[in-house]
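Colleague: 3D model of this:
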Amino acid sequence: MGGTQSGNEIVIDDDWQARHLQGKEDTGSTLAHEMQHTLDRQKGLMHRDAYEGIEHVQDDPKKLEDFLSQRIGERVASEVRAYERGNAVESGKAYADDGVTTGAEARNLLSKGGNFYREHYESEMSNFPEINNKYEVTYDVDSSGQVRAHVVAKSQPISTTTF
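Modeller: Model prediction:
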């Protein structure tokens, strides 16, 4: 990722900037992208902490699926808006949000950069060993265009006894 946003601070990674940015418009595009995430959090379109409250649903696979579908859906929608805002700045056009994240936009985002976002969201479960040890979590976009989490129990090793 080229930039991150936390609270009132936006940070653009110097190494990423050196490898990818070609000019001032690229810096502006990255700033606009990260600013969109800030705006989404301020408007209540995305939780400040995507996983706040996960401990309340971690033992129920259905509730966990619903929780992750909603929270990752928020993040995907924010990324779509952030890329649209960044592209508008880069092309010198006004940004206008249509208020809808289509299934195609969500699928494109999840598969962007060789499934970068899908794999990133799935790998975040390693931060929650109590979930990661019990479940495999994957994401896709269903036929109605909604981001869906799939939570499947991992097979547990059979205990062995030596005689």
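
Colleague: for the one helix or strand Gln36 maps to, packing partners?
Modeller: Using DSSP states H and E, Gln36 maps to helix 24-42. Secondary-structure packing of helix 24-42 (3 or more Cβ pairs under 8 Å, 6 or more residues apart in numbering; DSSP states H and E): strand 3-6, strand 9-12, helix 14-20, helix 61-91. From N, CA and C alone the C-beta is placed, and that goes for glycine too.

Colleague: what comes up buried for the longest one?
Modeller: To tie it back to what came earlier, the one meant is helix 61-91. Of the residues in helix 61-91, 61, 64-65, 67-69, 71-86, 88-90 count as buried by neighbour count, 16 or more other Cβ atoms under 10 Å.

Colleague: got the angle between that helix and helix 24-42?
Modeller: 140 degrees (axes from the mean of the first three to the mean of the last three Cα atoms, to 10 degrees).

Colleague: can you redo the helices and strands packed on helix 24-42 as JSON lines with distance to Phe128 and mean pLDDT?
Modeller: Shown next, in JSON lines, are these (distance: least, Cβ to Cβ, whole Å; pLDDT from 0 to 100):
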{"stretch": "strand 3-6", "distance to Phe128": "20", "mean pLDDT": "67"}
{"stretch": "strand 9-12", "distance to Phe128": "25", "mean pLDDT": "70"}
{"stretch": "helix 14-20", "distance to Phe128": "27", "mean pLDDT": "56"}
{"stretch": "helix 61-91", "distance to Phe128": "10", "mean pLDDT": "96"}
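
Colleague: tabulate the ones you listed (JSON lines), appending distance to Gln36.
Modeller: Conversion of the helices and strands packed on helix 24-42 to JSON lines gives the following (distance: least, Cβ to Cβ, whole Å):
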{"stretch": "strand 3-6", "distance to Gln36": "9"}
{"stretch": "strand 9-12", "distance to Gln36": "11"}
{"stretch": "helix 14-20", "distance to Gln36": "18"}
{"stretch": "helix 61-91", "distance to Gln36": "4"}
